[in-house]
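*Asks:* Below: sequence and its predicted model.
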Amino acid sequence: MAMTAGHFHAPVATIAWPGAEFGAIGLEDAVKLGFRRELDAAGDRRDAAFA
């Protein structure tokens, strides 16, 4: 997404290292990344907040 200006409708540029692969991020990793602040703030309840 960062390399396509936030969307795939009209990318400004697409770049990659030779041998790079395009793929989606897993659901669990996406939740961890998207809700990082909330999960960090949960402290001891991090597992419950993640669930």
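*Replies:* Nice, thanks for sending it over.
*Asks:* remind me which residues of this protein are low pLDDT?
*Replies:* Residue ranges of the chain with pLDDT under 70: 1-14.
*Asks:* can you give me the helices in it?
*Replies:* Counting by DSSP state H, the chain has helices at residues 27-34, 36-42, 46-50.
*Asks:* would CSV of those with mean neighbour count and distance to A20 be doable?
*Replies:* In short, each C-beta sits where N, CA and C put it, glycine included. Shown next, in CSV, are the helices of the chain (neighbours: other C-beta atoms under 10 Å; distance: least, C-beta to C-beta, whole Å):
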stretch, mean neighbour count, distance to A20
helix 27-34, 11, 18
helix 36-42, 12, 24
helix 46-50, 11, 29
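*Asks:* any chance of those helices in JSON lines, with distance to G19 too?
*Replies:* Formatted as JSON lines, the helices of the chain follow (distance: least, C-beta to C-beta, whole Å):
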{"stretch": "helix 27-34", "distance to G19": "22"}
{"stretch": "helix 36-42", "distance to G19": "29"}
{"stretch": "helix 46-50", "distance to G19": "33"}
